[in-house]
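K.L.:
the following block contains a protein sequence and its predicted model.
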Amino acid sequence: MILDLYYAKRFLQWFLVITAVLMSLVMLIDLSEQFRRFDAQDLGFGQLLVLTWLNAPAALSEFLPLIMILTTIVLFVGMARSSELVVTRAIGRSGIRALLPPVVVALIIGALAVSTLNPIVAATANRYKALAESYRQPGAAAAVSLTGEGLWLRQGGQNGQSVIHAGNYRGDADKLFLYDVSILTYAPEGGPTRRTIAKEAWLDGEDWVLRDAKIWQLVVGVNPERGARQYDELRLPTNLTNERIRDTLGFAEGISIYDLPHTVTALQEAGFSTTRLRVWLQVELARPLFLVAMVMVGAAFTMRHTRLGGTGVAVLTSVLLGFALYFVHNFARILGENGQIPVLLAAWAPPVASILLTMGLLLHAEDG
């Protein structure tokens, strides 16, 4: 038990050290990227630093597998050089038994990443998007949300705000089409000035194109129906784009794992595709297993005595195998999001297969 706690403590110490070093480098690079990205807006250093800090949780979440494999490599190479693994085997413990404490720590870190880091990433990602948009287009506002009643959009600028509701939508790679559209336009002071309905709407450049539209001017003391006008086709200016709406609809990173089930249900009730969100949910739930796989990959080639030589090659092999498994993991997720393979297979097959592969390598190394 004492030896297990020692291994777990060493693993956690190296994990914190490597995380601090890597995140410092990532934040410096991201800070320079924020300077480049917002060069035209002439933001202050404090504002850019806030944007960098808001990006940090997402970067940490993305780099967790790399941190895990580097932690394992540093731990076991160091223990091999100090002959601690030799002593461990001498007292009757196998190398696989010595791997158990790091695996348990990796499971705990993975569980914390899902239960705690994920909501933090969602909150900071949304805040970053809102701040970045406000810096790029001061005075303009735009938002996209989904409920069981359909798709809600908000656009705005110096001339006021407009709230757009669509009962349903469909889209392909280039265009989104909204159906049963209702638009309520507000003056800059806040009062409604116009209501517009249309059977269908789509974006064309910087305009909404409305088909079979009808407009009511909302003026105090005037019957709106008397001044209502109908159009076979009507164009209204907008600051929204197809890419912006589509990215927001599929922006799973901005939704907490605790809200994902409700969001998926709301989307399904509104008739929208939920494949990407369902894949993201399962990938997040499978994250602890994938981190365990990264630990086992790092250990598979480094739990050997340094007198045997080839330590550099072993480390390089571990890193390359880790990157290969990470690529397969992301590739399977993309296939799942595109509906090419089942959701559960896309999320759970890569970590399970990685664990089985590395377990085979470890057993071969231990028993020959």
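P.N.:
Yep, that arrived. Residues are numbered from 1 along each chain as shown.
K.L.:
which stretches of the stretch 101-250 of the chain have low pLDDT?
P.N.:
Scanning the stretch 101-250 of the chain for pLDDT under 70 picks out the ranges 137-150, 157-159, 171-174, 190, 243-244, 246-250.
K.L.:
give me that answer again for 90
P.N.:
The stretch 101-250 of the chain contains residues with pLDDT under 90 at 101, 122-123, 125-180, 183-194, 202-208, 216-231, 235-250.
K.L.:
quick one: the helices in it?
P.N.:
For the stretch 101-250 of the chain, the helices defined by DSSP state H, counting those that start in this stretch cover 118-136, 242-249.
K.L.:
nearest to Met294, of those helices?
P.N.:
helix 118-136 (17.8 Å; C-beta to C-beta). All C-beta spots, glycine's among them, are computed from the backbone N, C-alpha and C.
K.L.:
buried set for the closest one?
P.N.:
Residues of helix 118-136 classed as buried by neighbour count (16 or more other C-beta atoms under 10 Å): 118-122, 124-126, 128-129, 132-133, 135.
K.L.:
repeat that for stretch 182-200.
P.N.:
Going by 16+ other C-beta under 10 Å, stretch 182-200 has these buried residues: Ile183, Leu184, Thr185, Tyr186, Arg194, Arg195, Thr196, Ile197, Ala198.
K.L.:
ok, the residue most central in space within the chain - contacts?
P.N.:
With distances taken as C-alpha atoms, centre = their mean, the residue of the chain nearest its centroid is Glu253 (3.2 Å). Applying C-beta atoms under 8 Å, 6 or more residues apart in numbering, we find Glu253 in contact with Ala58, Val121, Ala122, Ala125, Trp280.
K.L.:
now do 6 Å
P.N.:
By C-beta atoms under 6 Å, 6 or more residues apart in numbering, the contact list for Glu253 reads Ala125.
K.L.:
quick one: it is in a helix?
P.N.:
Yes - per DSSP: H, G, I helix; E, B strand; the rest coil, Glu253 lies within a helix segment.
K.L.:
just give me the neighbour total for the nearest residue to Lys129 once chain neighbours are set aside.
P.N.:
Leaving aside its chain neighbours, Lys129 sits nearest to Gly254 (7.1 Å; criterion: C-beta to C-beta, 6 or more residues apart in numbering). The local packing of Gly254 (other C-beta atoms under 10 Å) involves 19 other residues.
K.L.:
quickly note the distance from Gly254 to Pro119.
P.N.:
11 Å (C-beta to C-beta, to the nearest Å).
K.L.:
overlap of the contact sets of those two?
P.N.:
The overlap between the contact sets of Gly254 and Pro119 (C-beta under 6 Å, 6+ apart) is empty.
K.L.:
separation between Val74 and Phe15?
P.N.:
Distance from Val74 to Phe15, by C-beta to C-beta: 9 Å.
K.L.:
Met296 too?
P.N.:
15 Å.
K.L.:
again with Gln41
P.N.:
The gap separating Gln41 from Phe15 is 37 Å, by C-beta to C-beta.
K.L.:
neighbour count winner among the two?
P.N.:
The neighbour comparison of Gln41 against Phe15 (other C-beta under 10 Å) goes to Phe15, with 22 against 13.
K.L.:
was I right to think the more buried one contacts Thr72?
P.N.:
No - taking contacts as C-beta atoms under 6 Å, Phe15 lies outside contact range of Thr72: 9.2 Å.
K.L.:
list the buried residues in stretch 318-326.
P.N.:
Ser318, Val319, Leu321, Gly322, Leu325, Tyr326.
K.L.:
so for that stretch, mean pLDDT?
P.N.:
When pLDDT is averaged over stretch 318-326, the result is 89.
K.L.:
list the contacts of that stretch.
P.N.:
So stretch 318-326 is contacted by Pro65, Ile69, Ile73, Met294, Val297, Gly298, Phe301, Ser354 (C-beta under 6 Å, 6+ apart).
K.L.:
what about the second one, which helix or strand?
P.N.:
With secondary structure defined by DSSP states H and E, Ile69 is part of helix 45-81.
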